[in-house]
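Student: I would like the atomic coordinates for the input below:
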Amino acid sequence: MERSTVMKYLRHFLILNILTWLIIGVSIPFAFTGYPEYKYTDSDWDGFSYSPSYNHTEWNILLDAHSHTLASDGYLTPRQNLLWHISMGFNAMVLTDHNTFANVEEIKLIAREEFNDTIKILTGLEWTTDRIHMNIILPPNVAQAQYETLITFKTYTYTPTDEEIQDFIQSTHDLGGVVTVNHIPWSMDYTTNHPTRQQLFDWGIDYIEIVNGETYDNESYYFCLDNGLGMITGTDMHKPEGVYCWTTLNATEFTEEAIFNEIKARSTGFIFTGIPSPYPIEHPINPGYIAFYPLIKIGELFENMYASGMLGALFGTLLGYIYGIFIVVELLLFLIRKIVVMIKNKKISRKTEK
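Tutor: Coordinates of the predicted model:
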């Protein structure tokens with residue numbers, strides 16, 4: 001093969017790689033910071049209110065112990081997060097963005113000044129690692145400078161040792177907080193070497209999330225019953241939709257302190273409906289989502305494969321398809337060019353013979 005032909009194929013291969021990695025590099029951020037599917041405004045929940053049926057004499061607090069905002073991978077601002085919770089019947093919540101306390105003080109201020117404390121906010125965080133996801137809930141009197149010391153990393157790629165998990169639990173307890181282990185059924189499938197329930201109990205956790213969104217963890221329910229662990233639920237709300245669960249409490253006063261004291265005492269119940277609550281609100285489609293849909297879906301594919309521990313396999317398969325298609329296309333083009341040349345040569349030969 002001539003040198004010029006080899007250089008041509010190498011240029012094609014180089015261009016293919018540049019385009020492939022450029023698309024991958026641009027698409028991945030869209031999975032985390034790209035355009036949400038819908039547009040949300042503060043007025044979306046005007047005029048809508050829902051509350052589950054429960055014994056108002058036995059319980060006076062409906063708590064969501066797990067939700068997210070734009071500070072991590074949620075779709076709502078702190079104010080919108082509050083509006084959604086109020087519309088779904090909650091009068092208490094814990095903000096638990098992944099590995100950040102960024103919106104905690106803002107959402108507390110909004111609740112106090114704009115909503116006249118009709119919903120109480122507790123300080124929280126979801127400690128998100130490759131090995132385990134745990135929520136922490138801290139007492140209202142813990143200052144920001146104190147709770148910020150709990151965060152020593154800001155990535156999803158951290159794989160803590162047993163000792164580091166125990167240190168995080170102990171550090172939370174040192175601040176008077178409680179520790180919840182999140183969505184164990186999901187984590188068992190998508191994290192690496194997740195600790196057993198018995199290990200976590202031995203390490204001193206306070207709660208297991210019995211319901212996460214629509215998923216009911218029956219095994220954890222009986223483990224908590226057998227071992228005296230607290231049971232808690234969380235919507236794990238990233239985007240607004242109907243609700244399946246509420247954590248119930250009976251606080252002596254409608255204050256952050258009284259609510260936290262009941263959590264600390266593990267005096268919780270829960271409501272699980274099995275079907276989502278009504279949610280008739282229709283949020284308009286985000287034009288940006290439509291415009292960048294292919295990149296968003298590619299980014300989500302990489303995010304999901306990473307979460308499932310199959311990112312390496314995805315890269316291998318994807319590159320295999322891309323390079324395989326490249327080779328097939330180049331071979332076809334080569335054959336087409338050869339055929340075209342042969343046809344031209346035959347035509348020229350016939351004209352010469354005449």
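Student: Every contact and neighbour count from this point should use C-alpha atoms.
Tutor: Fine.
Student: quick one, strands of the stretch 101-250 of the chain?
Tutor: 120-128, 133-138, 178-181, 207-212, 215-216, 230-234, 245-249 (DSSP state E, counting those that start in this stretch).
Student: got a markdown table for those strands, with distance to Ser4, mean pLDDT and mean neighbour count too?
Tutor: Formatted as a markdown table, the strands of the stretch 101-250 of the chain follow (distance: least, Cα to Cα, whole Å; pLDDT from 0 to 100; neighbours: other Cα atoms under 10 Å):
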| stretch | distance to Ser4 | mean pLDDT | mean neighbour count |
| --- | --- | --- | --- |
| strand 120-128 | 53 | 96 | 26 |
| strand 133-138 | 56 | 98 | 23 |
| strand 178-181 | 62 | 98 | 24 |
| strand 207-212 | 61 | 98 | 26 |
| strand 215-216 | 61 | 98 | 18 |
| strand 230-234 | 63 | 98 | 27 |
| strand 245-249 | 67 | 98 | 26 |
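Student: a markdown table for those strands, including distance to Tyr38?
Tutor: Output for the strands of the stretch 101-250 of the chain, formatted as a markdown table (distance: least, Cα to Cα, whole Å):
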| stretch | distance to Tyr38 |
| --- | --- |
| strand 120-128 | 25 |
| strand 133-138 | 27 |
| strand 178-181 | 30 |
| strand 207-212 | 23 |
| strand 215-216 | 24 |
| strand 230-234 | 23 |
| strand 245-249 | 24 |
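Student: okay, now the closest residue to Lys239 other than its chain neighbours: neighbour count?
Tutor: In space, and not counting its chain neighbours, Lys239 is closest to Tyr75: 5.3 Å by Cα to Cα, 6 or more residues apart in numbering. Using other Cα atoms under 10 Å, Tyr75 has 24 other residues around it.
Student: cool, and the one 5 residues further on?
Tutor: A count of neighbours around Gln80, defined by other Cα under 10 Å, yields 20.
Student: again with the one 3 residues further on
Tutor: Neighbours of Leu83 under the rule other Cα under 10 Å: 21.
Student: and it, which of the three is it?
Tutor: What DSSP: H, G, I helix; E, B strand; the rest coil gives for Leu83 is helix.
Student: So which residues of the stretch 151-300 of the chain form helices?
Tutor: Assigned by DSSP state H, counting those that start in this stretch, the stretch 151-300 of the chain shows helices spanning 162-174, 184-190, 197-203, 218-227, 256-264, 287-291, 293-307.
Student: which stretch among those comes nearest Tyr244?
Tutor: Checking those against Tyr244 by Cα to Cα gives helix 218-227 as the closest, at 15.2 Å.
Student: Perfect, that will be all.
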